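Novice: Here is my input, please return the structure:
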Amino acid sequence: MMNVFLLVGKVKEVPVVSTTAKGNNIAHMIVEADRNFRNEDGSLSSDLFKVTLWKGIADECAAICGEGSLVAIRGRLKSDVYTRNDREYYNNEIIAEQVKFLDGRRNRTEG
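Specialist: Presented below is the predicted three-dimensional model:
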C-alpha cells in the first residue's frame with residue numbers, strides 16, 4: 001500500500017510556526033491549486049488544501065513563502081474520522097515531507 005500526495009499550487013495563507021508541547025515546530029499553510037477542467041462559463045476553478053509542516057520544513061517555509069509563492073509539495077494524506085450528533089465526519093490534511101519552491105528559491109528535501 002502507498003500513501004503519496006503531490007500538490008503544485010500557490011500559497012494562499014503563509015505559514016506561522018508554533019511549538020508543540022513536545023518541543024517540535026509546526027506550521028500550517030493553505031495552498032490553492034487549479035482544477036484540470038473548466039466550469040460552464042469557461043473559467044478554471046481551484047481547490048484549497050491545508051498543508052501541515054513539521055520541524056525544519058515548517059521553519060523554512062515560514063521564512064521563505066509569501067502569499068502567491070509557487071510550491072510543489074510531496075507528502076501524505078492524513079485522514080481523521082470523528083463523530084458528532086451520531087454522524088461521522090472526515091477531515092483530511094496533507095502532511096508535507098518535501099517542499100520545493102518553484103519560483104527560484106531554496107529547496108527543502110527533508111524534515
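Novice: what about D103, distance to S69?
Specialist: 6 Å (CB to CB, to the nearest Å). Placement of C-beta: from N, CA and C, glycine included.
Novice: Please identify which of these two sits among more neighbours.
Specialist: The neighbour comparison of D103 against S69 (other CB atoms under 10 Å) goes to S69, with 19 against 12.
Novice: Report back the residue of the chain that's furthest from centre.
Specialist: D86 (29.9 Å; CA atoms, centre = their mean).
Novice: Y89 bridge partners, please.
Specialist: Counting by DSSP bridges, Y89 is bridged to Y82.
Novice: SS state for A62?
Specialist: helix (DSSP: H, G, I helix; E, B strand; the rest coil).
Novice: Would you mind confirming that it is in contact with P15?
Specialist: Yes: taking CB atoms under 8 Å as the definition, A62 is a contact partner of P15 at 4.8 Å.
Novice: Please identify every residue contacting each of those two.
Specialist: A27, L53 (CB atoms under 8 Å, 6 or more residues apart in numbering).
Novice: Of these two, give the one with the bigger neighbour count.
Specialist: Taking other CB under 10 Å, A62 and P15 do not tie; P15 has more neighbours (24 against 17).
Novice: give the contact list for F37.
Specialist: Contacts of F37 (CB under 8 Å, 6+ apart): L44.
Novice: That one and G75: what is the separation?
Specialist: 24 Å.
Novice: hang on, D103 in a helix?
Specialist: No: counting by three-state DSSP, D103 is not found in a helix; it is coil.
Novice: Thank you kindly, that will do.
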